[in-house]
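J.: give me a model of this one.
(2 chains)
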Number of protein chains: 2
Amino acid sequence: MAEANLQVQLARQPEGVPKVTDFQVIKAERPTPGAGQFLLRNIYLSLDPYQRGAIAGRHMGHVRLNPGDVIYGRCLGEVIESKHPDYRVGDHVLTESGWQQFFVSDGTKARKIKADAPLSAYLGALGMPGLTAWAGVEKLGSPRIGETFVVSAAAGPVGATAGQLAKAKGARVVGIAGGDEKCRLVVDKFGFDACVNYKAENWTDQLKAACRNGIQVYFDNVAGPMLDAVTAQTTPYARIVLCGFASQHNRTDAWVGHNVGQFVGKRTQLHGLVVYDYEEQYGAFTKVAAQMLRDGKLAIHEDRIEGLEFAPQLFVKLMKGDNVGKAIVVIGPEKL
Amino acid sequence: MAEANLQVQLARQPEGVPKVTDFQVIKAERPTPGAGQFLLRNIYLSLDPYQRGAIAGRHMGHVRLNPGDVIYGRCLGEVIESKHPDYRVGDHVLTESGWQQFFVSDGTKARKIKADAPLSAYLGALGMPGLTAWAGVEKLGSPRIGETFVVSAAAGPVGATAGQLAKAKGARVVGIAGGDEKCRLVVDKFGFDACVNYKAENWTDQLKAACRNGIQVYFDNVAGPMLDAVTAQTTPYARIVLCGFASQHNRTDAWVGHNVGQFVGKRTQLHGLVVYDYEEQYGAFTKVAAQMLRDGKLAIHEDRIEGLEFAPQLFVKLMKGDNVGKAIVVIGPEKL
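T.: Numbering: from 1, shown residues only, chains lettered A, B, ... in the order given. So this is what the prediction gives:
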């Protein structure tokens, strides 16, 4: 029998918040690379909120999965066999491999990484979440020295990186997160000036107290009623980066709508952010971010689980907002 | 008995679309100017959609009116008596006089105009509606040569002026208006490339046919479902100017909300517009616009009614969208 390739597949389309039983863990056959291809042994799998929409076919560029399909996901792996001129055994490569142990690639959507920082960081602060944060801060939100920058889902990799980048640009940075543990992490480890727990009843009063000069930039990872509540505290001409929909991922009914009256009255400048537009700048971004990380100016925090078979469990935790930090599944050791 | 001053006052707060009986026409006493003041004989009263919200206290800077209060409104008048060093008899002045024949001002919020264009134009294309259009086109929407610029409420003074300014900047200009008569006006008189009647069942198909390269700039005077429908036809990074809420003025229930998902996916750049921010640029703007008007490059169209006592009737028509062109009440002759 050929060697095995552990995969996590869709068992059934989730309704609302996914359950572990919406997934199935299967031993498939390990693929072999043909000419112009290489074989990856995956080390880390990144779990990200967009995967919820991708499974359902609601995320751009991703068709709705059927039962038996491998779940979408980005992995960092090591080349263990290569018939591709540009990839050598031992190279570390990011691919859209899906939730599985082994993956054959011809280089499409693959990115070789320079292992000059902790490897798993390339799925978080130095990966797509980091690039998202960078685009929202450097390209769209553009906080200036002394301005107040607020970011929601502040304990997650996008929010945490965005806040640290805004801080590096001289802004006063306030996070919004769910729970006191996350808020402590945001202040103590990520160095935000303050963090508000939106599960507290008076969280908008706390936000007001933390943002005495109002809010000039809001990096929104949540949408829903929180967007309206934060907008109410912005000053005229505030920039709002529309980036994520944590409040909407698992909805089965209609979206929560926002009336535009407040945006007009506040002269709000809203910018929709799609990270795929910034992929060409990924190299430049990681160079800066890896240096910040090595210099201790960019902190990361991970919520890890060991074993690909437990990926559904961590994904459910992520979808409930119960994870703390970047969700990473350890598929195999960094070195065999 | 002192001379009379015809006034239109609030009789009762309108519910939904205003009725003529929500207003009362009263003969008050004509005011006399004190030291540092001047007396205006109003010639034209401007009727504008914002007045609906102002009456109800929903428009910035305007407190909710009580029965017996004069209705908010901007007038163009002639100075007929002056104890103010900067204003002479015969000067033409714009003020926030409200719906009445005579008004005493100390110069606060007053603006002397140079009568180098039809006087009533200073309440429309050369007035606040024109400045609104200018800010949305020149400062926020910034259409480039060859881009497609769409504006709703295109037959109104803001929309018509915006389209003509965008056209002057080299854009392809498509209007959206309610009814075939308005659409003809928009194309034939204002020179738009096309105009779509949103009351037609297949109006979104018509819009698609008129915007073959998608929409790069949308000047939104309407909000509501039309905003979502137009956004669906925008290209990535389109600029949307959030300016007016024609769809929402007379609502008694909650606002129609917009989900931000489409704005993110389309990388939309939304800008809330409040014309009051551009008042310092009014002088520069009117100079340009008056010249365009004299050169035949800026057309205006008015829906006039003679007699202040008929202002409520025209206002109801405006609120129903049944007016065609800028709503102007003629209070008195230009020259006595």
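J.: can you list the low-confidence ranges for chain A?
T.: Where chain A drops to pLDDT under 70, the residues are A:1-2, A:252, A:254-256.
J.: which ones are touching the residue nearest to A:Lys208 when sequence neighbours are not counted?
T.: With sequence-adjacent residues excluded and distances taken as Cβ to Cβ, 6 or more residues apart in numbering or on different chains, A:Lys208 is closest to A:Gln233, at 6.1 Å. Quick note: C-beta positions are derived from backbone N, CA and C, even for glycine. Contacts of A:Gln233 were listed using Cβ atoms under 8 Å, 6 or more residues apart in numbering or on different chains, and they are A:204, A:207-208, A:211, A:214-215.
J.: derive a ChimeraX selection command for the buried subset of these.
T.: Burial among the contacts of A:Gln233 is assessed by 16 or more other Cβ atoms under 10 Å in any protein chain shown; the matching ChimeraX selection reads:
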select /A:204,207,211,215
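J.: and the contacts of A:Gln233, which two are furthest apart?
T.: A:Thr204 and A:Gly214 (13.1 Å; Cβ to Cβ).
J.: my guess is A:Leu298 contacts A:Lys167, does it?
T.: No: at 10.0 Å, A:Leu298 does not count as touching A:Lys167 under the criterion of Cβ atoms under 8 Å.
J.: neighbour count: the two, which is higher?
T.: Comparing A:Leu298 with A:Lys167 by other Cβ atoms under 10 Å in any protein chain shown, the one with more neighbours is A:Leu298, at 25 against 20.
J.: identify the residues contacting the more buried one.
T.: Residues in contact with A:Leu298 (Cβ under 8 Å, 6+ apart) are A:125, A:161, A:164, A:289, A:292.
J.: tally of neighbours for the residue nearest to A:Pro14 when sequence neighbours are not counted?
T.: Excluding the flanking residues, the one nearest A:Pro14 by Cβ to Cβ, 6+ apart is A:Asp22, at 4.4 Å. Using other Cβ under 10 Å, A:Asp22 has 19 other residues around it.
J.: check A:Gln262 too.
T.: By other Cβ under 10 Å, the residues close to A:Gln262 number 16.
J.: grab the nearest non-local neighbour of the closest residue to chain B within the stretch 201-336 of chain A.
T.: Minimum separation of the stretch 201-336 of chain A from chain B (Cβ to the nearest Cβ) falls at A:Gly257, amounting to 1.7 Å. Leaving aside its sequence neighbours, A:Gly257 sits nearest to B:Gly257 (Cβ to Cβ, 6+ apart; 1.7 Å).
J.: so that neighbour touches A:Gly261, yeah?
T.: No: using Cβ under 8 Å as the test, B:Gly257 is too far from A:Gly261 to be in contact (10.5 Å).
J.: joint contacts of those two?
T.: With Cβ under 8 Å, 6+ apart as the test, B:Gly257 and A:Gly261 reach no residue in common.
J.: circling back to that earlier point, the residue of the stretch 201-336 of chain A closest to chain B and B:Ile305: what is the separation?
T.: Distance of A:Gly257 to B:Ile305, given as Cβ to Cβ, to the nearest Å: 37 Å.
J.: those two: which is more packed in?
T.: Between A:Gly257 and B:Ile305, counted using other Cβ under 10 Å, B:Ile305 has the larger neighbour count: 21 against 16.
J.: now do the residue most central in space within chain A against A:Tyr50, distance only.
T.: For chain A, the residue sitting closest to the mean C-alpha position, by Cα atoms, centre = their mean, is A:Pro129 at 4.0 Å. From A:Pro129 across to A:Tyr50, the span is 10 Å (Cβ to Cβ).
J.: quick check: residues of the stretch 101-250 of chain A near chain B?
T.: With Cβ under 8 Å from any Cβ of the partner chain as the criterion, the stretch 101-250 of chain A meets chain B at residues A:220, A:223, A:227, A:236, A:242-243, A:245, A:248.
J.: make it 10 Å
T.: Contacts of the stretch 101-250 of chain A with chain B, taken as Cβ under 10 Å from any Cβ of the partner chain, map to A:140, A:220, A:223-224, A:227-228, A:236-238, A:240-245, A:248.
J.: among those residues, name the buried ones.
T.: Neighbour-count burial (16+ other Cβ under 10 Å) applied to those gives A:140, A:220, A:223-224, A:227-228, A:238, A:240-245, A:248.
J.: now, those residues that are in helices?
T.: Among those, the members falling in helices (DSSP state H) are A:227-228.
J.: output the buried ones among the residues of the stretch 101-250 of chain A next to chain B in TSV, with distance to B:Leu270 appended to each entry.
T.: Compiled in TSV, those are given as follows (distance: Cβ to Cβ, whole Å):
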residue	distance to B:Leu270
A:Leu140	12
A:Asp220	13
A:Ala223	14
A:Gly224	17
A:Leu227	12
A:Asp228	15
A:Ala238	12
A:Ile240	9
A:Val241	12
A:Leu242	9
A:Cys243	14
A:Gly244	17
A:Phe245	16
A:Gln248	18
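J.: so the nearest residue to A:Ala200 once chain neighbours are set aside: helix, strand or coil?
T.: Closest residue to A:Ala200 apart from its sequence neighbours, by Cβ to Cβ, 6+ apart: A:Gln206 at 6.5 Å. Secondary structure assignment for A:Gln206 (DSSP: H, G, I helix; E, B strand; the rest coil): helix.
J.: I'd say A:Gln206 and A:Asp180 touch.
T.: No: the pair A:Gln206 / A:Asp180 is not scored as a contact, 11.8 Å apart, by Cβ atoms under 10 Å.
J.: overlap of the contact sets of the two?
T.: Common contacts of A:Gln206 and A:Asp180 (Cβ atoms under 10 Å, 6 or more residues apart in numbering or on different chains): A:195, A:197, A:200.
J.: any common contacting residues for A:Pro129 and A:Tyr50?
T.: Joint contacts of A:Pro129 and A:Tyr50 (Cβ under 10 Å, 6+ apart) are A:Val275.
J.: okay, and A:Lys27 sits in which element?
T.: Element membership for A:Lys27, per DSSP states H and E: strand A:23-29.
J.: now the helices for the stretch 1-150 of chain A?
T.: Ranges of helices in the stretch 1-150 of chain A, per DSSP state H, counting those that start in this stretch, are A:50-55, A:128-134.
J.: just the ones you listed: most buried one?
T.: helix A:128-134 (a mean of 26; mean count of other Cβ atoms under 10 Å in any protein chain shown).
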